[in-house]
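In: next comes the sequence, and after it the predicted model I'd like to discuss.
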Amino acid sequence: MDTFQSARRGFLLQMSGAAGAVWIAGQWPGILAAAQHAHAAAKADPAPAFEVLTHEEAKEIEALSSAIIPSDELPGAREAGVVYFIDRALKTFARDAKPVYEQGLADLRQMTGEMFPGVERFSSATPDQQEKLLAKLEQESQSGGRQGGRMGGTMGMSFAGLLRFHTLAGFLVDPEGGGNRDYAGWKVIGRDPAHSFSPPFGFYDKDYPGWQPASPETENK
Amino acid sequence: MTQAKVTYKPSDEVDFVIIGSGAAGGVLAKELSTNGFRVVVLEQGPYLTEADFTHNEVEVFINHALTNNPKRQPVTFRQSEAEKAVLQPSVLYGRCVGGSSVHFTANFWRFHEIDFIERSKVGEIPGTGFTDWPITYADLEPYYTKVEWEIGVSGLAGASPFDPPRSRPYPMPPLPVKASGVLFERGARKLGYHPFPAPMAILSQPRAGRSACVNCGFCLGFGCEVGAKSSSLATVIRMAERTGRCEVRPDCYVHRIATDKQGRATGTVYFDAHRNTHLQKAKAVIVCANGAETPRLLLLSANSAFPHGLANSSGLVGKYLMPNSSAIAYGVFDEPLNDYKGPAVSRVCHDFYELDAKKLGFYGGGGLDARFDFTPVAFAMNGLPPGTPRWGKEFKKALQQNFTRTMEIFCHATSLPVASNSFSLDPDVKDAWGLPALRMTYKDHPNDLKMMEWMVERAMEILDAAGAKTKWHAPITETQFAVHLLGTCRMGQDPKTSVINPDHRTHDVPNLFLCDGSSLVTSGRGQPTMTIQAMAYRAADRITALAKRGDLAGSAEHAT
């Protein structure tokens, strides 16, 4: 079952209900076009082959992203196809970051050998060793690069910073953005992939009686 | 009924050219074209519509699909005039038809009476240009009401005891309450405060051929796929186009206002999408380019007659930048809130709107709102409590637990107008078109930092009273990032101490008008878009009156 398509279809169906009826008449062709476009994009992912990363690089990046979001009873970075998202990122919005990745992977390899003689790569290190390597990587990245504001950019971010950011983005972005395969990431955080919702939304608004002016007791406090 | 869209040639002298299609530009375009004038709106960004909008955080936050792109339009930052500014993406604004109203939160409270007369009440504040407005709340009230009814604002009149007087109720009921709103209401009431349903520029009911909000949750930062957010794009821009007298021309980057020997504006010079240069001729020019780009354009338009920039005889173009002080407190609760559904905000509290400066030792005030405005990637990057492991099993567990259980209390408040806080032209850095980059100079007035420290503690107390099991707040730090771009071409009666008069006409160039966040005299308490739009409706009336009595090119003393 294609969850992406069904979520989008559910949205379209709900839109044809009372609230959307007036509006949808005029907008239907546009909505449909957008939905089809998005669906095509989602279908094209995961890419059958890596476009930017070498096989070796991909293996390391997959191991790194899996260490950031491991797989357990719930999906992790691996199941969400994060490495494919990063491959695509390095061809599109993060083109400029390719040298940072190359240098970062080379540095990591050296660091791995220094910290754990005999271990050649991050991907072949034990989980415990990987933990220590990530800590070291992050510690070294503190000196350089800063992240923009809440909605800011990634200019000047270090390898560790970029890798973490791209892993989280690939895990949690709407699948239209080329990650979060089969909503793996949203399963973990508990975000329903539907495109529209009706109240009550959560636990605390379930029994809300409707808005009332403050009672005299609270007035006099 | 669809009318063929009108187009004008740049060589056609239209009545008005409006620069910017956002909150103010959209309203002025609609009003002036409805009043019979021929209008061209030049928008630097693309013309996107509902079908183009997505839930894709990469498109929106990384590719800047709806906002200024710091790679092509670099911004530099410094704290004081003595420093050399460094490259830093410190300004965010909407760059598409509809401007920032396309991606904004849609928090839509009115300013209160006090905002316009506060200097008289509080007195002088050393080191600031704190002053009263030349207009009052009463002057704007009819226009606030007009905004609510024309674009569609949801809310409940009379729900806040602090609300200013109003001539009509809201046109539609509030949006559904969220769990964050219920918890906020519970906590705030325990402490004796008066939370109320948030006024939001989002439809709670279908209206004028637009859908009601479907609670998709991709709201702040995103364009609305169903047209429920009452952006200029979804409302006034379309009304303007339906008059058959208004052309909205996207991908036009205006970089100079042309003037003649008499010192009047003759039109605007812009790059089109292919970087060809055009001059759009017009009888009058109205700049609604936002509080950063409006002063920048005036400074870019310097010529031998106006060596310090157009309309800058006061030297105040770009000065008195006020970004609104802000602070955020976060709370995590035991049960799921699922606050990712619905618009960001559902409850507001105005008990701290006007604080007692003598008692507290600082001037100011603000509003609190209960919200959750994180989309998933943004949450993973910035939404977890400090000290949470940054990778591995514990990190994943925190994501799993907290995404559905977190809420925020956002504090929005006054910023004082300080002359050295400003936008200017960077002497070295150029944008992708070779024009001097925007330079921001900003250092918070100590008063504003004290107020935020105080305000965020109140937010923390409310989270406590609401039963949060974990709570924290973002550190109060010096401002280096601005979204509300206010005060940089302030309104006033005196040409020596202001840039525009109460008709929004520049003191120096009779047929040049400015209307956007730059026109504000003080900062209000955040949520400036409602007031910017009310001012735009009022400006349209004033400009129409001037045009009808043949005074657009200036009064007798200006005439040749």
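Out: Happy to help now that I have it.
In: and whichever strand or helix holds A:D107 with chain B, contact?
Out: Assigned by DSSP states H and E, A:D107 belongs to helix A:98-115. No: on the criterion Cβ under 8 Å from any Cβ of the partner chain, helix A:98-115 is out of touch with chain B, staying 14.2 Å away. No exception for glycine: its C-beta is placed from N, CA and C like everyone else's.
In: now the element after that helix, going C-ward?
Out: Using DSSP H and E, the helix or strand that follows helix A:98-115 towards the C-terminus is helix A:127-141.
In: quick one: whichever helix or strand comes after that following helix near chain B?
Out: Counting by DSSP H and E, the next helix or strand C-terminal to helix A:127-141 is helix A:159-172. Yes: judged by Cβ under 8 Å from any Cβ, helix A:159-172 and chain B are in contact via A:164-165, A:168-169, A:171-172.
In: can you point out the buried residues in the helix holding A:D107?
Out: If you call a residue buried by 16 or more other Cβ atoms under 10 Å in any protein chain shown, then helix A:98-115 has these buried ones: A:100-101, A:104-105, A:108-109, A:112.
In: my guess is B:Q493 contacts B:D132, does it?
Out: No: the pair B:Q493 / B:D132 is not scored as a contact, 10.3 Å apart, by Cβ atoms under 8 Å.
In: look at B:T531 and tell me its secondary structure.
Out: Using DSSP: H, G, I helix; E, B strand; the rest coil, the structure places B:T531 in helix.
In: span of stretch B:121-131 from start to end?
Out: End-to-end span of stretch B:121-131 (Cα to Cα, to the nearest Å): 10 Å.
In: so for it, mean pLDDT?
Out: The pLDDT scores in stretch B:121-131 average 95.
In: just stretch A:50-69 next, same as before
Out: Taken as a whole, stretch A:50-69 carries a mean pLDDT of 96.
In: and what of stretch B:381-388?
Out: For stretch B:381-388, mean pLDDT rounds to 96.
In: run the chain-centre distance for that stretch.
Out: Relative to the centre of its chain, stretch B:381-388 is centred 28 Å away, using Cα atoms, centre = their mean, to the nearest Å.
In: what's the mean pLDDT across stretch A:159-166?
Out: Throughout stretch A:159-166, pLDDT has a mean value of 95.
In: kindly report the same for stretch B:399-414.
Out: Averaging pLDDT along stretch B:399-414 gives 98.
In: tell me the contacts of the residue of the stretch 401-550 of chain B found nearest chain A?
Out: For the stretch 401-550 of chain B and chain A, the shortest gap (Cβ to the nearest Cβ) falls at B:F403, measuring 3.8 Å. For B:F403, the contacting residues are A:189-191, B:340, B:374, B:376, B:379, B:383, by Cβ atoms under 8 Å, 6 or more residues apart in numbering or on different chains.
In: B:Y193 and chain A, how far apart?
Out: Separation of B:Y193 from chain A (Cβ to the nearest Cβ, to the nearest Å): 8 Å.
In: and that residue, how many neighbours does it have?
Out: When neighbours are counted by other Cβ atoms under 10 Å in any protein chain shown, B:Y193 registers 22.
In: what's the answer for the one 10 residues further on, then?
Out: In terms of burial, B:L203 registers 28 neighbours under the definition other Cβ under 10 Å.
In: close to chain A: what parts of the stretch 151-300 of chain B are there?
Out: Residues of the stretch 151-300 of chain B lying near chain A (Cβ under 8 Å from any Cβ): B:156, B:159, B:174, B:176-179, B:181-183, B:189-192, B:194, B:196-197, B:206, B:209-212, B:214-218, B:221, B:225-227.
In: please flag which of those residues sit within helices.
Out: In this view, these that belong to helices under DSSP state H are B:179, B:181-183, B:189-190.
In: reformat those as CSV; add pLDDT and neighbour count.
Out: Shown next, in CSV, are those (pLDDT from 0 to 100; neighbours: other Cβ atoms under 10 Å in any protein chain shown):
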residue, pLDDT, neighbour count
B:A179, 98, 30
B:G181, 98, 31
B:V182, 98, 26
B:L183, 98, 28
B:R189, 98, 21
B:K190, 98, 16
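In: measure stretch B:504-519 end to end?
Out: Using Cα to Cα, one end of stretch B:504-519 lies 8 Å from the other.
In: mean confidence score for it?
Out: Average pLDDT, stretch B:504-519: 98.
In: one more: stretch B:456-466?
Out: Summarised as a single mean, pLDDT over stretch B:456-466 is 98.
In: likewise stretch A:176-196?
Out: Regarding stretch A:176-196, the rounded mean pLDDT is 96.
In: so, in contact with chain B or not, that stretch?
Out: Yes: Stretch A:176-196 reaches chain B (Cβ under 8 Å from any Cβ) through A:176-178, A:185-186, A:188-192, A:195-196.
In: which stretches in the stretch 51-200 of chain B count as strands?
Out: Secondary structure of the stretch 51-200 of chain B, counting by DSSP state E, counting those that start in this stretch: strands at B:75-78, B:86-87, B:196-197.
In: now swap in the stretch 401-550 of chain B and tell me
Out: B:406-413, B:422-430, B:436-441, B:470-473, B:512-514.
In: quick check: mean pLDDT of the third one?
Out: Confidence over strand B:436-441 (mean pLDDT, whole number) is 98.
In: list the buried residues of that strand.
Out: Using 16+ other Cβ under 10 Å as the test for burial, strand B:436-441 gives B:436-441.
In: quick one on the thing from earlier: among the strands of the stretch 51-200 of chain B, which is nearest B:G387?
Out: Among the strands of the stretch 51-200 of chain B, strand B:75-78 comes nearest to B:G387, with 29.2 Å by Cβ to Cβ.
In: the closest one near chain A at all?
Out: No: judged by Cβ under 8 Å from any Cβ, strand B:75-78 makes no contact with chain A; its nearest approach is 11.0 Å.
In: try stretch B:439-447
Out: No: against chain A, stretch B:439-447 shows no contacts by Cβ under 8 Å from any Cβ, the least distance being 12.9 Å.
In: then stretch B:32-46?
Out: No: if you take Cβ under 8 Å from any Cβ as the test, stretch B:32-46 misses chain A, and the best it gets is 15.6 Å.
In: CA-only coordinates of that stretch in PDB, if you can.
Out: Extracted in PDB, the C-alpha atoms of stretch B:32-46 (Å, rounded to 0.1, in the frame of the first residue of the first chain):
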ATOM      1  CA  LEU B  32      -6.700  52.200  -5.300                       C
ATOM      2  CA  SER B  33      -7.700  50.000  -8.300                       C
ATOM      3  CA  THR B  34     -11.200  49.700  -6.800                       C
ATOM      4  CA  ASN B  35     -11.300  53.500  -6.600                       C
ATOM      5  CA  GLY B  36     -10.700  53.600 -10.400                       C
ATOM      6  CA  PHE B  37      -7.000  54.200 -10.600                       C
ATOM      7  CA  ARG B  38      -4.600  52.300 -12.900                       C
ATOM      8  CA  VAL B  39      -2.100  50.400 -10.700                       C
ATOM      9  CA  VAL B  40       1.000  48.300 -11.400                       C
ATOM     10  CA  VAL B  41       2.400  46.200  -8.500                       C
ATOM     11  CA  LEU B  42       6.000  45.200  -8.800                       C
ATOM     12  CA  GLU B  43       7.000  42.200  -6.700                       C
ATOM     13  CA  GLN B  44      10.600  41.000  -6.500                       C
ATOM     14  CA  GLY B  45       9.600  37.400  -5.900                       C
ATOM     15  CA  PRO B  46       7.700  34.800  -8.000                       C
END
